[in-house]
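Enquirer: Structure for this input, please:
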Amino acid sequence: MSATRIPSRVRRLNKVQKISVAGVSALGVAALTFSLVPSNAEAEVSPQAAAAAAPVAFTNAAGSAQAKTVQNSMLEQHSTAEQLVKAADAAKAKAAAETKAAAAKAKAASEAKAKAAADAKAKAKAAADAKDKAAKAKADAEKRGSEAANRSTARKPVYANNLDGWIREAMSIMKKEGIPGSYEGIHRNIIRESSGNRWAINNWDINARNGIPSKGLLQVIQPTFDRYHVAGTKKDLYDPVANIVAACNYAADRYGSMDNVNSAY
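Expert: Coordinates of the predicted model:
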């Protein structure tokens, strides 16, 4: 059997497989050679004669039954070797595929871990930025409030210490408290009740006889002043601003407004 008859995949056999196949082939050739020697031949043959006769004997016996048996045996060996090669190649391919899959899985896990870390970092940064933004907004609001308070304090009007100033300051407080009353209505009632004298006191009417004389610009008795006093003004019945605001608060409760008062009230 020539070398060209052997499949090309057999050439990739490992060292042990090659030795095994070579051994089987050599034994087959030897068995064939001995079987073809005539029985009446001389027992002793010179080495040179045996060497010269072996190729001829093998060639001439190629079509015999023994030669076919050896040939079939060799083909079976070659087929087995090829199957081993195929199995080895399949195992190698499977191992390579498993290695590739494991590498892909590890890469995916690494990328997922990196993404999770990046997302967590971005989330933490966003939270920190939001916190900083909120803190800055709060600080800005407090600053604006402080500046507004300072401006308000700086712009706080200074009222003259006379009847005009007292009425205007009282009207400013009344506006904040929602107490009605116009400059004209307040001024008109002050002139009628005390002529603008903040220390005026009535010692002859029924209130005086009852021990609670009317006092101040709008002639208010102490119980009425205490009941209608407005927080932020002095607790002094003779204080002109406190007197006006308390009197207007009382008039608003009883008459709707100081503007509606045209006589003793």
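Enquirer: can you tell me how far E142 sits from K136?
Expert: 11 Å (C-beta to C-beta, to the nearest Å). Every residue, glycine included, has its C-beta placed from N, CA and C.
Enquirer: Can you show me the strands along this protein?
Expert: With DSSP state E as the criterion, the chain has no strands.
Enquirer: least trustworthy helix or strand in it by mean pLDDT?
Expert: Among the helices and strands of the chain, helix 47-60 carries the lowest confidence by mean pLDDT, DSSP states H and E, at a mean of 47.
Enquirer: Helices of the stretch 151-265 of the chain, residue ranges please.
Expert: With DSSP state H, counting those that start in this stretch, the ranges of helices along the stretch 151-265 of the chain come out as 163-177, 183-194, 206-209, 222-228, 240-255.
Enquirer: Now P223: closest residue in space, sequence neighbours ignored.
Expert: I212 (6.4 Å; C-beta to C-beta, 6 or more residues apart in numbering).
Enquirer: Now the one you found. Its backbone dihedrals?
Expert: phi -130, psi 70 (degrees, to the nearest 10).
Enquirer: now the one 5 residues further on
Expert: The phi/psi pair for L217 (degrees, to the nearest 10) reads phi -60, psi -40.
Enquirer: That one contacts R192, doesn't it?
Expert: No - judged on C-beta atoms under 8 Å, L217 makes no contact with R192 at a distance of 10.7 Å.
Enquirer: Between these two, which has more neighbouring residues?
Expert: Ranked by neighbour count (other C-beta atoms under 10 Å), L217 and R192 place L217 first, with 28 against 14.
Enquirer: So for E147, what's the pLDDT?
Expert: Listed pLDDT for E147 reads 75.
Enquirer: what do you get for L36?
Expert: Reported pLDDT for L36: 45.
Enquirer: For the remainder of this discussion, apply numbering that starts at 3.
Expert: In the new numbering, first residue 3, that becomes L38.
Enquirer: Quick check: the residue nearest to the spatial centre of the chain vs S112, distance?
Expert: Centroid check for the chain by C-alpha atoms, centre = their mean gives K125 as the closest residue, at 3.0 Å. Remark: distance between K125 and S112 (C-beta to C-beta) = 20 Å.
Enquirer: residues contacting the residue nearest to P225?
Expert: I223, Q224, P225 (C-beta atoms under 8 Å, 6 or more residues apart in numbering).
Enquirer: Would you mind listing which of those are buried?
Expert: Neighbour-count burial (16 or more other C-beta atoms under 10 Å) applied to those gives I223.
Enquirer: want to throw the contacts of I214 into TSV with distance to A253?
Expert: As requested, the contacts of I214 are arranged in TSV below (distance: C-beta to C-beta, whole Å):
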residue	distance to A253
I223	14
Q224	17
P225	16
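Enquirer: So which of the contacts of I214 is the closest to Y240?
Expert: Q224 (10.9 Å; C-beta to C-beta).
Enquirer: how much space is there between the residue lying closest to that closest one once chain neighbours are set aside and D238?
Expert: Spatially, and ignoring its direct neighbours in sequence, Q224 is nearest to I214 (5.5 Å; C-beta to C-beta, 6+ apart). In this view, I214 and D238 are 16 Å apart by C-beta to C-beta.
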